[in-house]
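Novice: My questions concern the predicted model and sequence given below.
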Amino acid sequence: VSYILGGRTGRNPAFLAGFGPRAPDRPQHAQASCPPLPSPLSAAAAGGAAAASCGPEALFSSDPNPSVIAGALVAGPGPDDDSEVLASRAGPANRVGIHYNAPLLGALAGLVGAGAAPSRCQGGSGVLQQLLPDDFT
């Protein structure tokens, strides 16, 4: 779990979007690659202006995603544990899917099932403290 969240030596990439300063900012995800849709009220105020164009050029742009898909786990580094592959949306390392998140959720459920409450995980400053709400018991 610590490795997934960027807690390792070296370049310290994280693989969970929206979590921490080293989180991936270019996951290959159509909705995250597009600008957020305007609210109905702001669109009406602008005369019904349509949302910005969003096509393949947005999906494979080298710019960070305009929308964050917090909690999405990217596939991960290359075979040599190379985080450089995370700098582009084009490769398979930045794909997201529920099948990537399932093992992480299983590991976190195992920690909670073993009684690793946030206040007891690494002196109150561990992974569970960062992921779970303050009132979780």
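Specialist: Received, thanks.
Novice: Look up how far Ser33 lies from the nearest residue to Cys34 once chain neighbours are set aside.
Specialist: The shortest distance from Cys34 to any non-neighbouring residue, by C-beta to C-beta, 6 or more residues apart in numbering, is to Cys54 (3.6 Å). Using the backbone N, CA and C atoms, a C-beta is placed for each residue, glycine as well. Distance, Cys54 to Ser33, using C-beta to C-beta, to the nearest Å: 7 Å.
Novice: picking up where we left off before, tell me who's in contact with the residue nearest to Cys34.
Specialist: Shown in contact with Cys54 (C-beta atoms under 8 Å, 6 or more residues apart in numbering): Ala30, Ser33, Cys34, Pro35.
Novice: From Gln31, how far out is the nearest residue to Pro36 once chain neighbours are set aside?
Specialist: Distances taken as C-beta to C-beta, 6+ apart place Ser67 nearest to Pro36, at 5.5 Å, with adjacent residues excluded. Remark: distance between Ser67 and Gln31 (C-beta to C-beta) = 7 Å.
Novice: Gly97 too?
Specialist: Taken as C-beta to C-beta, the span from Gly97 to Gln31 is 13 Å.
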